[in-house]
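Novice: Give me a model of this one.
(one chain, ligands or ions: 1)
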Amino acid sequence: MFELGDQHRMVQDMFRQWCERELLPKVPSLEKGEPPYDLMRQMLDAFGMRDALRASLNKRLSKMGDDGKPRASGDAKGKEGDELESAMRDPLISFLLVKEMSRISPGYATSFGVSTGLAGFNVMAKGTKRQIEKYGIPLVTLDKVGSWCLSEPGSGSDAFGSMRTTARKSADGGYVLNGTKTFITNGPFADVFVLYAKLDKGDGNPNKAVHAFILERGMTGLSTGQPFDKMGMQDSPTSEVFLEDVHIPAENLLGEREKDPDAARDDTRQNLGHERSGIPAMCLGIIERCYELSMKYAKERVQFGRPILDFQAVQLKLANMYIHYQNVWNGVMRLAWAAREGKPDLAFTCAQKVYCAKAAVEVAMDSIQIHGGYGYMREYHVEKLARDAKMLELGAGTTDINLLQVVRLERERLT
Ligand SMILES: Cc1cc2nc3c(=O)[nH]c(=O)nc-3n(C[C@H](O)[C@H](O)[C@H](O)COP(=O)(O)OP(=O)(O)OC[C@H]3O[C@@H](n4cnc5c(N)ncnc54)[C@H](O)[C@@H]3O)c2cc1C
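Specialist: Next comes the predicted model:
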């Protein structure tokens, strides 16, 4: 369970070669604001993934009922499909791809993960057949760029309680949306917005259920802000999304079924768990690369007539990096196993998210320290990994929010 087999190792090598050859030289221009999506499409094409996914998912559509669920036999959303598609369903392969992208650019990995995962797989999992055809498949194949819109200027950690965005029922059975979302990854360029709003049925009920809606660029009343200027993740465009009386048909409610507040909340929480489980693989990429670069530099850099690797203070930092590297690897393997077996463990996922993000920040900062002044220079790459790493302690629930979630869940389990 805890080591890569030959097939996974081969896939990892393939992803690494592509990322070092194609992504690494593009990082400076991506960080200056060039949209990363064409490169992502090229990446999927390089591995034959886009065409294969499109063909395979379209074939699966024919086995779905209108509700997006498999008809009688077969498994329209499940485990059938060709070899390539089933390989792409292997959580460890997804984690390896995320790790390899994150060795070079965690920002690029974030934009990719939000578009194909948080937006795309969300629609694939919860959408109706029509929604899967129109939005889910184009998002997963990156024919369309997706965003996932939960946070608002006044609601971050308290995402549900403080949410102000509303979807009011309209006379024609559709919805009218109003509100502002912020910090939205891919916001400036997204074609599709999977967006959370409180359902206002006009009955004065204060306990409004949060539902997901699918919006498209070009809808009247929907606009996006300029890309934010950020500390890190500069190659992942982020912006606000504004909604002013955006009128959408009933068929743009994800799943086309209104739910009670508890069921709707559970749905969104499931997504947050999914988002959190991808973070450790990103951290692994950062830690692995920083550790390798630091060891190499410490062997080559000579001060006081000796390689700095001879100094114990440097050795201790490298040993600490090794400890984090091994622990994070083990955590990622367990998350992959849990996803494959269909045994998600939210407390473990939140705990891993916290541990791995802290470890990534610590390792990246120590890596800069080992590189001395050179580590502070753009050219030496570890400074980008450090800037990007910090975001992993904030997004997908801050460190404190994840810790509180661990205690909440464990308190229930241990009574
Ligand atoms: C680069 C970037 C990309 C992002 N992408 C997306 C995206 O695509 N979609 C999306 O919906 N969101 C996105 N986010 C938003 C992100 O999820 C939020 O920033 C995060 O949830 C924290 O919310 P907040 O920033 O409002 O902080 P706040 O909730 O205001 O928290 C501020 C501080 O208070 C602490 N705090 C708050 N409540 C408690 C409590 N009860 N107990 C203890 N401490 C508490 C927090 O831990 C934190 O330290 C992104 C953010 C960034 C920076």
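Novice: Name all residues that make contact with Asp332.
Specialist: Careful, residue 332 is Val; it's not Asp. 95, 99, 280-281, 284, 356 (Cβ atoms under 8 Å, 6 or more residues apart in numbering). C-beta here means a position set from N, CA and C on the backbone, and glycine is covered the same way.
Novice: If you rank these by neighbours, which is first?
Specialist: Greatest neighbour count in these, by other Cβ atoms under 10 Å, goes to Pro280: 31 neighbours.
Novice: Ignoring the adjacent residues along the chain, who's closest to that residue?
Specialist: Spatial nearest neighbour of Pro280, excluding adjacent residues (Cβ to Cβ, 6 or more residues apart in numbering): Cys356 at 4.1 Å.
Novice: And the residue lying closest to Thr398 once chain neighbours are set aside, what's its pLDDT?
Specialist: Distances taken as Cβ to Cβ, 6+ apart put Ser157 closest to Thr398, at 6.2 Å, once the chain neighbours are dropped. pLDDT recorded at Ser157 is 96.
Novice: The residue lying closest to Asp66 once chain neighbours are set aside: neighbouring residues, count only.
Specialist: Among residues not flanking Asp66 along the chain, Lys129 sits closest, at 5.2 Å (Cβ to Cβ, 6+ apart). For Lys129, the neighbour count with other Cβ under 10 Å is 19.
Novice: residues touching Lys129, list them.
Specialist: Contacts of Lys129 by Cβ under 8 Å, 6+ apart are 61, 64-68.
Novice: let's see it at 7 Å
Specialist: With contact set as Cβ atoms under 7 Å, 6 or more residues apart in numbering, Lys129 has these partners: 61, 64-66, 68.
Novice: Leu335 is in contact with Ser277, correct?
Specialist: Yes. Ser277 is within contact range of Leu335, at 5.2 Å (criterion: Cβ atoms under 7 Å).
Novice: Overlap in contacts, the two.
Specialist: In contact with both Ser277 and Leu335: Thr349, using Cβ under 7 Å, 6+ apart.
Novice: Look up how far Leu254 lies from the residue lying closest to Glu251 once chain neighbours are set aside.
Specialist: Of all residues not flanking Glu251 in the chain, Arg130 sits nearest, at 6.6 Å (Cβ to Cβ, 6+ apart). Distance, Arg130 to Leu254, by Cβ to Cβ, to the nearest Å: 12 Å.
Novice: quick one: which of those two has more around it?
Specialist: Taking neighbours as other Cβ under 10 Å, Arg130 and Leu254 compare with Leu254 leading, 21 against 16.
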